[in-house]
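Colleague: fold the following, please.
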Amino acid sequence: RGDILPERFGEGRGVVEAVVKLAKERLVTWRGVEHTWKDVLRQVEKIPGSVGALTQQCQRLFRAIKEAQLTKMDLRRSDPQAIERICEVFLAWQERAMTNSNSVQKAIVWKVVGWPQLGSFDFADMDICLRLVDRGGSGSDVFLSRAEALVKEKTTSPTEFRGLLSHIETMLFFLKYAKSEDLSLTHAEFRKAAGEVDPTVQSYVTWAERRYPPGAELVSLSGNRSLMDGNDVTAVLREIRKPSPLRGQQDGVGTFREIFFQWASTMRGKFNLLVLPHHTQVVCLLIFQRFLEAERLPTTPHALIAQVGTGEGKSMIVAALAIYVVVVLRKKAHVVVDDETLLERDFGTFKRLFDNFQVQVP
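Modeller: Numbering: from 1, shown residues only. Purely as a prediction, here's the structure:
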């Protein structure tokens, strides 16, 4: 009947033939997917003797899930309990493959299996995400609680897990050592680096030190103030917005203070953690401010490049500087990144901050 059917459509015969061909191809694919995931379920009814064997079956199952998504196949139509049964397999693997099985890992598995479009996210990505939260003990409670909240957030997709989990770890690391930061030492390092550059740039460094001297730190972190306590965090946020009264000087941080406040508030809302700019970031931004606002002379540099070390917050510096250029200087800012993945990740991270300043992003 498949050969006769198209003849009934006259001039539309070619279209019908194409549709029928596509339908047949998709049916073959669906049958293959169904066979694969049901075969895997049969294979693991008796859990394989090694983690490696179970891992291989899970990889097969994950590929079947991706194939089903690509071909718009609803696994529940062939088995209403499909998602639950698939999760059981992945959770059995997670229990055996991870050192510290926990509720965050289980939440990741459920989120991944139930997510409608995984895109480029594959089994290796899920494995990495599970290992990022593969930790236990009282020292991990804060990290795991923040991680679980993010994973369970309805709008958080699996493709965001890796970046967000790494971000939490970085934030907690810097919070741990925030009270140890020394502004005097920061300025000393900038003076040391400036000794090998153009005299005009040296003057920018000196100007930044006058604007942000020791004793005029963005916030005071001395005493018993806890950066994990809700009341203390609220007090710190208020202080970020409040200029330092040091020697009656005008606030040296200026517009950046509001940028720092909005950034800290945004990150607190997303991660329930306090994010403070490092002294390195503040000084670097002030140097760029001086460069951008200084009078243009024949000896004035036409460009200024900052070499920022790993973990010192390049993304935050770029985002804050872009907002400053657009909001204060009323100019356009172009952010160029050589890694498309990092570009999308950082843009997503700072999108809410841009929105707070009504910065239009094409």
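Colleague: quick one: the lowest-mean-pLDDT helix or strand in the chain to chain centroid distance?
Modeller: Lowest mean confidence among the helices and strands of the chain (mean pLDDT, DSSP states H and E): helix 75-78, at a mean of 71. Offset of helix 75-78 from its chain centre (Cα atoms, centre = their mean, to the nearest Å): 33 Å.
Colleague: which helices and strands sit right next to that helix?
Modeller: Packed against helix 75-78 by the contact rule (3 or more Cβ pairs under 8 Å, 6 or more residues apart in numbering; DSSP states H and E) you find helix 13-43, helix 82-97. Where you see a C-beta, it was placed from the backbone N, CA and C, and this is true even at glycine.
Colleague: any idea which of the ones you listed is most buried?
Modeller: helix 82-97 (a mean of 18; mean count of other Cβ atoms under 10 Å).
Colleague: now that one - C-alpha only, PDB.
Modeller: What follows is helix 82-97, C-alpha atoms only, in PDB (Å, rounded to 0.1, in the frame of the first residue of the first chain):
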ATOM      1  CA  ALA A  82      10.600   5.000  31.100                       C
ATOM      2  CA  ILE A  83      12.100   8.000  32.800                       C
ATOM      3  CA  GLU A  84      12.000   6.400  36.300                       C
ATOM      4  CA  ARG A  85      13.500   3.200  35.000                       C
ATOM      5  CA  ILE A  86      16.300   5.000  33.200                       C
ATOM      6  CA  CYS A  87      17.000   7.100  36.300                       C
ATOM      7  CA  GLU A  88      17.300   3.900  38.300                       C
ATOM      8  CA  VAL A  89      20.100   2.700  36.000                       C
ATOM      9  CA  PHE A  90      22.000   6.000  36.200                       C
ATOM     10  CA  LEU A  91      21.600   6.200  40.000                       C
ATOM     11  CA  ALA A  92      22.900   2.700  40.400                       C
ATOM     12  CA  TRP A  93      26.000   3.700  38.400                       C
ATOM     13  CA  GLN A  94      26.300   7.000  40.400                       C
ATOM     14  CA  GLU A  95      26.200   5.100  43.700                       C
ATOM     15  CA  ARG A  96      29.000   2.800  42.700                       C
ATOM     16  CA  ALA A  97      31.200   5.200  40.600                       C
END
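Colleague: quick one, it and helix 13-43 angle?
Modeller: Orientation note: helix 82-97 sits at an angle of 40 degrees relative to helix 13-43 (axes from the mean of the first three to the mean of the last three Cα atoms, to 10 degrees).
Colleague: give me the mean pLDDT for whichever helix or strand comes after helix 82-97.
Modeller: Heading C-terminal from helix 82-97, the first helix or strand you meet, by DSSP states H and E, is helix 103-114. Averaged over helix 103-114, pLDDT sits at 95.
Colleague: buried stuff in helix 103-114?
Modeller: Buried positions in helix 103-114, judged by neighbour count with 16 or more other Cβ atoms under 10 Å: 104, 105, 106, 107, 108, 109, 110, 111, 112, 113.
Colleague: ok, stretch 326-337 next?
Modeller: Buried residues in stretch 326-337, defined by neighbour count with 16+ other Cβ under 10 Å: 326, 327, 333.
Colleague: likewise for stretch 210-225?
Modeller: Those would be 211, 212, 213, 216, 217, 218, 219, 221, 225, for stretch 210-225 by 16+ other Cβ under 10 Å.
Colleague: could you give the mean pLDDT of stretch 51-59?
Modeller: pLDDT averaged over stretch 51-59 gives 87.
Colleague: hmm, I was thinking of stretch 327-334
Modeller: The model assigns stretch 327-334 a mean pLDDT of 92.
Colleague: what's the answer for stretch 126-146, then?
Modeller: 91.
Colleague: going forward can the numbers begin at 36, since that is how I track them
Modeller: With 36 as the first residue, the last one maps to stretch 161-181.
Colleague: what's the first helix or strand after the helix or strand harbouring residue 223?
Modeller: Using DSSP H and E, residue 223 falls within helix 218-229. Using DSSP H and E, the helix or strand that follows helix 218-229 towards the C-terminus is helix 234-246.
Colleague: who does that next one touch, helix- and strand-wise?
Modeller: Using 3+ Cβ pairs under 8 Å, 6+ apart, the elements in contact with helix 234-246 are helix 218-229, helix 314-328.
Colleague: winner for burial among the ones you listed?
Modeller: Of the helices and strands packed on helix 234-246, helix 314-328 is the most buried (mean count of other Cβ under 10 Å), at a mean of 20.
Colleague: what inclination does it have with respect to helix 218-229?
Modeller: With the same axes, to 10 degrees defining the directions, helix 314-328 sits at 50 degrees from helix 218-229.
Colleague: against which helices or strands is the helix or strand just after helix 314-328 packed?
Modeller: Toward the C-terminus, helix 314-328 is succeeded by helix 349-362 as the next helix or strand (DSSP H and E). Under the contact definition 3+ Cβ pairs under 8 Å, 6+ apart, helix 349-362 sits against helix 290-306, helix 314-328, helix 375-391.
Colleague: which one of those lies closest to residue 181?
Modeller: helix 290-306 (5.8 Å; Cβ to Cβ).
Colleague: who does the closest one touch, helix- and strand-wise?
Modeller: With contacts taken as 3+ Cβ pairs under 8 Å, 6+ apart, helix 290-306 sits against helix 176-187, helix 193-212, helix 265-276, helix 314-328, helix 349-362, helix 375-391.
Colleague: go with 7 Å
Modeller: Other helices and strands packing on helix 290-306, by 3 or more Cβ pairs under 7 Å, 6 or more residues apart in numbering; DSSP states H and E, are helix 265-276, helix 349-362, helix 375-391.
Colleague: ok, back up a step: of the buried residues of stretch 361-372, just say which sits nearest to residue 333.
Modeller: Nearest to residue 333 among the buried residues of stretch 361-372, counting by Cβ to Cβ, is residue 368 at 25.9 Å.
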